[in-house]
Structure formats: C-alpha cells, structure tokens
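3D model of this:
(one chain, ligands or ions: 1)
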Amino acid sequence: MAQKLPIVLIHGFPLDGAIWLAQAEALRAVGYNVLTPSLPGFGTTPPWAHDQGTIEDYAQEIYRLIAQAGGQAIVGGFSMGGYVVMALLREHPAAVRGAMLFNTRPEADTPEVRAARQKMIQQVQQEGTAAICAAMADKLLSPKSSPALRQQVRNLMAVQSPAGVIAALQAMAHRQDSTPLLPTLTIPVLLVVGDHDTITPPAVALNMHNHMPHAMLVQVANAGHLTMMEQPAAVTQAITTFLATL
Ligand code: MLT
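Okay, here's the model as predicted:
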C-alpha cells in the first residue's frame, strides 16, 4: 500500500474504544493512524439527545469520522461494532477499503433475544449499568481467563452511561439482517472468532465465511468473545496479516 489508510476500530457492547488498546499501540508503532472511537453514550462520548438511535445512526457517526480522516479507511468492528461495520458497508460502501469483523453475526435479533434486551433495559433503568456487569463479563471471556482480566472488563463496563447502554440495546434490538450483504462484498474481509466464544461461536463465523469465501478467517485459540483483550497478540497478528494482503 503506497500510503497507509487510517484504521477505524469500533467497540462492542457495553464497552468503549479502550478495548483496542493493545492493537492500536502495536499498529501505531508501525505507522498506522488508528482511530478507536467510542460510540455515543460510551467512553467519554456524550449520549444522543434522543433515545431512539439505530445501528445506521452509529454507522453515520463512523462515516463522519472517516470523512474527516480522508474519506476512506480500513474498518473493523467487534460484535455490536460489527453490526455497525455492516451498516456502514450498506450505506457508504466507498468509505471502506477493507472490513474486519470480530466476533459478530449478520442476523437480526430473534424475538427471544429482543425480549431479553427489553429486560436488560429495565434492569439498567432501575439499577444502573452495574446491574448487568458481572453476568456479562463472565459471558465475554473464556473460562480460563484470569481474575484480573475479568475485573478489568467489569470495571470497563461499569463506567458506561445508562443512557448509552439503553440506546445501544434498543438499536441492536431493531437492527436489520445483514446476511444478504455478505455475498455482495468485493472488498477484502477479515473474520475473527474465539474458539471459546459462546455469544458468537465459531459456527457463526464459519457460516459468514460460507457467504464470502474470499474472506480471511482466523480462529483465535484460548479466547472467548472478547478476543482482542483476551489474546491481544494473536488478534494484532491477524490484523497485521490481513493488512499485508491489501
Ligand atoms: C457485543 O459484544 O457487542 C454484544 O454481545 C452484541 C449483542 O449483544 O448482540
């Protein structure tokens, strides 16, 4: 690549841009401009004034960021961030030179998942973000992850604003099915999944790969859902290998 395009990495739920710290440092050290925005209501980004945002609205925020950074980027998203990448690919395909989909799925929510999100919204409304942290942190990591990492993930979740968390739950519950998008993609795509991911298991990534056989598929060993924090070096390696193909 003559000139390195910026890399935009989008976090999952209910987290923020800090999840990409290891990858951002490693890629910056070799000259990339790496942007790790926090979506509205996460990290230090103010929540939307309204509470009816959509995944497409998040994608619009990312599109604005890419426009400011020169108009085209390599864009990665983890889980909910992956939903945002797929929306961006639908709405603004020319802005994306390469896509990286980490531990995510193309399908919309089932009625059961939507109902569970509604329960979570009520819990957060009544008790705040802390109410959902312990159970969620355990689901995000593989059984072998260290107590220190588990605590770090809980702490990261606990500081997210209830407004941001609720808006994200609503946006995810109403997202559209991105499955039809996958076979239409002609840009390079990286798919990453953890071998112990129970939220978006390897079978989901394999199914996505079936829809786009040209994609590079990497299964990370000894990792649950939150691969980039649980196995940072392996995920950095997957990204670096992918970038070398562009
Ligand atoms: C995430 O990690 O972003 C969430 O598990 C996505 C979801 O709840 O669908």
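
ok, how many other residues are close to residue 119?
Residue 119 has 11 neighbours, counted by other Cβ atoms under 10 Å. For every residue, glycine as well, the C-beta is placed using N, CA and C.

Which helix or strand lies directly C-terminal to the lengthiest helix in the chain?
When the chain is parsed with DSSP state H, its longest helix is helix 111-127. Per DSSP states H and E, the first helix or strand lying C-terminal to helix 111-127 is helix 130-140.

From the contact counts, what lies against that next one?
On a contact count with 3 or more Cβ pairs under 8 Å, 6 or more residues apart in numbering; DSSP states H and E, helix 130-140 meets helix 111-127, helix 147-158.

Throw those helices into CSV and include distance to the ligand, thanks.
Below are the helices and strands packed on helix 130-140 laid out as CSV (distance: least, Cβ to the nearest ligand atom, whole Å):
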stretch, distance to the ligand
helix 111-127, 7
helix 147-158, 11
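
Let's have these in TSV, adding mean pLDDT.
Formatted as TSV, the helices and strands packed on helix 130-140 follow (pLDDT from 0 to 100):
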stretch	mean pLDDT
helix 111-127	95
helix 147-158	94
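
Nearest approach to residue 175 belongs to which of those?
Proximity to residue 175 (Cβ to Cβ) singles out helix 111-127 among the helices and strands packed on helix 130-140, at 10.2 Å.

rewinding a little: from the chain's centre, how far out does the longest helix of the chain sit?
Once both centres are worked out by Cα atoms, centre = their mean, to the nearest Å, helix 111-127 turns out to sit 20 Å from its chain's centre.

Now do it: everything it contacts.
109, 131, 132, 162, 165, 166, 169, 170, 172, 173 (Cβ atoms under 8 Å, 6 or more residues apart in numbering).

buried stuff in it?
Using 16 or more other Cβ atoms under 10 Å as the test for burial, helix 111-127 gives 117, 120, 121, 124.

Keeping just the C-alphas, turn stretch 153-165 into CSV.
Output of stretch 153-165 as CSV, limited to C-alpha atoms (Å, rounded to 0.1, in the frame of the first residue of the first chain):
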residue,chain,number,x,y,z
VAL,A,153,-13.7,-6.0,31.9
ARG,A,154,-16.3,-5.4,34.7
ASN,A,155,-14.7,-2.1,35.6
LEU,A,156,-14.8,-1.0,31.9
MET,A,157,-18.5,-1.9,31.7
ALA,A,158,-19.4,-0.3,35.0
VAL,A,159,-18.4,3.2,33.8
GLN,A,160,-20.6,3.2,30.7
SER,A,161,-23.5,5.5,30.9
PRO,A,162,-27.0,4.0,31.4
ALA,A,163,-28.2,6.3,28.6
GLY,A,164,-25.6,4.9,26.2
VAL,A,165,-26.3,1.3,27.3
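
what does that stretch contact?
So stretch 153-165 is in contact with 13-16, 18-19, 39-43, 45, 47-48, 51, 124-125, 128-130, 132-134, 136-137, 140-141, 226, 229, going by Cβ under 8 Å, 6+ apart.

Residue 206: neighbour count?
13.

Confirm that it lies within a strand, as I assumed.
No. Going by DSSP: H, G, I helix; E, B strand; the rest coil, the assignment for residue 206 is helix, not a strand.

on that earlier part again, between the contacts of helix 111-127, which is nearest the ligand?
Closest approach between the contacts of helix 111-127 and the ligand, by Cβ to the nearest ligand atom: residue 172, at 5.1 Å.

show me where pLDDT drops low in the chain?
For the chain, the stretches flagged by pLDDT under 70 are 1-2, 51.

how about the helices in this protein?
Counting by DSSP H, the helices of the chain are 21-29, 55-68, 80-91, 111-127, 130-140, 147-158, 162-173, 202-211, 227-230, 232-244.

out of these, nearest to residue 186?
Among the helices of the chain, the nearest to residue 186 by Cβ to Cβ is helix 80-91 (10.7 Å).

Which of the contacts of helix 111-127 ranks first by neighbour count?
Within the contacts of helix 111-127, most neighbours by other Cβ under 10 Å means residue 165, with 25 neighbours.
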